[in-house]
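> My questions concern the predicted model and sequence given below.
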2 protein chains.
Amino acid sequence: MGFKVEKIFIAILGVGTVGKAVIDILQNNQDIITARAGVSIIPKIAIARNIDNKNISIPLSTDINDALNDKDIEIIVELIGGIELPYSIALQALERNKAFVTANKAMLAYHRHDLEVRNNGIPIGFEASVCGAIPIIRVLRDGLCANHIISIRGIMNGTSNYILTQMSQKNESFESALKQAQELGYAEANPALDINGSDSAHKLLILASLAYGINAKIDDIIVEGIEGLTLEDINFARGSEYEIKLLGVAKKTNNQLELRAHLAMIPKDCMLAKVSGVMNAISVVGDNVGEMLYYGAGAGGSQTASSVISDIIEIARNKVLLHNIKNTVPSESTPHSMPMLGYANDTYSIGHDIELMPRDKISCCYYIRLKVRDKLGVLSNISHVFALHQISIKSLIQKNPKNLDSQYAYLLLSTHICTEAQIQKALSELSILQDIIESPFMIRIDNL
Amino acid sequence: MGFKVEKIFIAILGVGTVGKAVIDILQNNQDIITARAGVSIIPKIAIARNIDNKNISIPLSTDINDALNDKDIEIIVELIGGIELPYSIALQALERNKAFVTANKAMLAYHRHDLEVRNNGIPIGFEASVCGAIPIIRVLRDGLCANHIISIRGIMNGTSNYILTQMSQKNESFESALKQAQELGYAEANPALDINGSDSAHKLLILASLAYGINAKIDDIIVEGIEGLTLEDINFARGSEYEIKLLGVAKKTNNQLELRAHLAMIPKDCMLAKVSGVMNAISVVGDNVGEMLYYGAGAGGSQTASSVISDIIEIARNKVLLHNIKNTVPSESTPHSMPMLGYANDTYSIGHDIELMPRDKISCCYYIRLKVRDKLGVLSNISHVFALHQISIKSLIQKNPKNLDSQYAYLLLSTHICTEAQIQKALSELSILQDIIESPFMIRIDNL
């Protein structure tokens, strides 16, 4: 068979938690990784913004070109974060015929289809970009590829799931649970992306591309976070046999696709409701397989690094195969790869006219919390608003908790099914009623 | 790029529930399958033992050679069941340079390593052989390939999980639950393989090859079924915060691997315990990822067919890629594939000295049900046997249920950790004690 491929050199861009874990695992699990890949995978250089105190075992540089211009290096592993810089690095890597592996969901949320168009058959791996260790990219690209995907529902952010679990299981307030998450290192000092739904939305957009071939933009989908949730809401959910989770949801009806990331009340005995703490899980319903669930660590250095390395091994395996077939040295191999987003061409969604469902047309049941003045006539005014928008109330409870000034009360209500257009108009009118003294708080009810 | 590959012809051997579903899905989901594969996948012929009343849309023959000798056919899909006949078909397919896809766990339980040695780079797909729709083969081969696998625990048989769920949730007797499973089509008229643990053991052996490279034989591992389980046991488990599940377990300690399929009591709040009805789930613990769980339908025509087709698509994608690179017609392509069992060579287990832990050395805690004469001195005799084998009793309950003759009682006890050698000797001595009037019934307690 001619030459044997013995080594593949890679570069690690970014030496934070994940980058360090990649270097460590390549070292510590070298035995099994070599056996899996059929070749040694050698991190030749790491790139960091500064090279002080990094305490890593491989050469370090601050200059990305030291990786990009090294002809020995066949795979660029991007773990620096950000959006435009890593995208430009990806393009430079591809130009130089180097494979590209990334854990960067934010960059892919914006540029995944650009990369697909421009990769020219050079492999791009991004298993680590969605839900850490869970191999959901491969599940959608390979495992379920004989299915039309009916829906995807995922707990895709461990930080917010930790907070929700603390609130639900320990009756902690939102603020107290967030503080704990920060102390435990689950939440950043600035946890905005985690708790405002953006992180979940980024991941959802990537999965929607794999499942439906659709190039959806974050500005076109519903993105809401967990801020504003209170124990009143948690208690209402418990009383109604629901759990409250921050979900990313993709749901196809005929050729219209709903994409949305927001809090949802889901039946407490469904598998997703049982996912607690920092864990992630994604439920996928395919037309042939029914419901499946994939559960695991959604973040963490070694967990994310495990997925990064799985991509590196896949690329290495293909290089070895190709080499065996062509009997040439790998750097001369014609680049080749699985289709990045799982389709042989990017026309599938167009061919099938799968389009984003307009926000206004999305419909479900809703839970609404109103803080009101506890006096006669208030309920009548509120009911009038719902009636005006033809929203039918399913249940209504008044709560007068001890910690609430006695002149106020909470009204907790749930609706029958209606559209976003209806509920948003109603909420907007409710918010200006004189006796409603806080913006209404709404959670969608997803009966699956 | 020269010729474009437009079609790949396949043959379907066996037109039972799964074979029919494969043909139907290739037809009904042709749009997405073609987009995923980059090529049309055409079932050119089906082979059945008899061709009456098959009501399928493609040519049918009773002669396997009509598939094996057809030069257009590039993939043989084996769905006939059995062990030696499908193995010989696999070898004939490989000899003729045809890829081989199978859902046949029993055949692979015996011949997977033979096929790996003899496939000579020709692709063999077997995703459908373990847990139907759950892509666990790819998870171990690809997704978690950067991990040393610490353990695998799976509910791998839907029939028995249905029976256990009915017993646990509805207080049905074993016999009544089995009858229901048969009426609902979940269990065969002869359900032996499902309920005696063999089916779970077959799947476990396949997973152990992927995770550890070990060529273990069914006769060398513990295989026990669910027969003999009673509601007494279910109630004991409930009182101790356990669920009872039929598990396939692989667990590595240093370089020794436990492989066993048997009933187990597991903590009722772990994810596996929440898997009910005919569903399957596999929990995998990797050294970098921690615990992950994969949940879905473990059987059923379209569910299993989904995995069969995922293998066909993977093979087709590789053929298209290879064709694009080599610019030759596919039948002239050099065969190539991912390593069948996930390792570049089959020496991994040897290189790492992973060996089967001798049965006698496996240790855990045990639950034991004894039906005894309810009289003085019995407990003393029983305690003596346990003491003799240095087994420490953790809990003991006497039960005198109404439906039991008043001269008898049940003793339900649990032990601290001890070895199989100890417990089996104790059980064997207990079974001949005069006042024990039924063979002792034992369930392992797996605290994960």
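In hand now; what should we look at?
> show me what contacts residue A:439?
residue A:431 (CB atoms under 8 Å, 6 or more residues apart in numbering or on different chains). Yep, even glycine has a C-beta here, placed from its N, CA and C like the rest.
> same question, residue A:88
Residues counted as contacts of residue A:88 (CB under 8 Å, 6+ apart): none.
> so where does it fall, helix or strand?
For residue A:88, the host element (DSSP states H and E) is helix A:84-95.
> try residue A:296
Going by DSSP H and E, residue A:296 is part of strand A:290-297.
> Please identify the buried residues of the helix holding residue A:88?
Buried residues in helix A:84-95, counted by 16 or more other CB atoms under 10 Å in any protein chain shown: A:86, A:87, A:89, A:90, A:91, A:92, A:93, A:94.
> And the closest residue to the second one other than its chain neighbours, how far from residue B:415?
The reference is to residue A:87. Spatial nearest neighbour of residue A:87, chain neighbours left out: residue A:111 (4.7 Å); criterion: CB to CB, 6 or more residues apart in numbering or on different chains. Taking CB to CB, to the nearest Å as the measure, residue A:111 falls 59 Å from residue B:415.
> So what does residue A:305 have for phi and psi?
With angles defined as degrees, to the nearest 10, residue A:305 sits at phi -60, psi -30.
> which residues touch it?
By CB under 8 Å, 6+ apart, the contact list for residue A:305 reads A:18, A:21, A:22, A:24, A:25, A:128, B:146, B:288.
> Chain neighbours aside, what residue packs nearest to it?
Excluding its sequence neighbours, the residue lying closest to residue A:305 (CB to CB, 6+ apart) is residue A:21, at 3.7 Å.
> what about that neighbour, helix or strand, and which?
Counting by DSSP H and E, residue A:21 is part of helix A:17-28.
> same deal with residue A:216?
If you go by DSSP H and E, residue A:216 is not part of any helix or strand.
> so which helix or strand takes in the residue in the stretch 201-350 of chain A that chain B sits nearest to?
Using CB to the nearest CB, residue A:344 is the residue of the stretch 201-350 of chain A that sits closest to chain B, at 2.9 Å. Counting by DSSP H and E, there is no helix or strand that carries residue A:344.
> ok, how many other residues are close to the closest residue in space to it that isn't next to it in sequence?
Spatial nearest neighbour of residue A:344, chain neighbours left out: residue B:38 (2.9 Å); criterion: CB to CB, 6+ apart. For residue B:38, the neighbour count with other CB atoms under 10 Å in any protein chain shown is 23.
> Assess the claim that residue B:38 and residue B:316 are in contact.
Yes. Counting by CB atoms under 8 Å, residue B:38 does reach residue B:316; the two are 7.2 Å apart.
> returning to what we had before: now check the strand holding residue A:296, is it near chain B?
Yes. Applying CB under 8 Å from any CB of the partner chain, one finds strand A:290-297 touching chain B at A:290, A:291, A:292, A:293, A:294, A:295, A:296, A:297.
> so that strand versus strand B:290-297, what angle?
Strand A:290-297 runs at 180 degrees relative to strand B:290-297, counting by axes from the mean of the first three to the mean of the last three CA atoms, to 10 degrees.
> Which secondary structure elements does strand A:290-297 sit against?
Packing contacts for strand A:290-297, counted by 3 or more CB pairs under 8 Å, 6 or more residues apart in numbering or on different chains; DSSP states H and E, involve strand A:279-286, strand B:290-297.
> Show me where the stretch 201-350 of chain A dips below the pLDDT cut-off.
A:323-337, A:345-350 (pLDDT under 70).
> now the strands for it?
Secondary structure of the stretch 201-350 of chain A (DSSP state E, counting those that start in this stretch): strands located at A:222-223, A:242-253, A:256-267, A:279-286, A:290-297.
> any idea how chain A splits into domains?
Listed domain ranges for chain A are A:7-132+A:301-327, A:142-297, A:360-445 (source: the TED database).
> Between the two ends of the second one, how far is it?
To tie it back to what came earlier, the one meant is domain A:142-297. Using CA to CA, to the nearest Å, one end of domain A:142-297 lies 21 Å from the other.
> ok now that domain, how far from the chain's centre?
With CA atoms, centre = their mean, to the nearest Å as the basis, domain A:142-297 stands 8 Å off its chain's centre.
> circling back: export the residues of strand A:290-297 next to chain B as CSV, with columns for neighbour count.
Output for the residues of strand A:290-297 next to chain B, formatted as CSV (neighbours: other CB atoms under 10 Å in any protein chain shown):
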residue, neighbour count
A:290, 19
A:291, 20
A:292, 28
A:293, 24
A:294, 26
A:295, 25
A:296, 29
A:297, 23
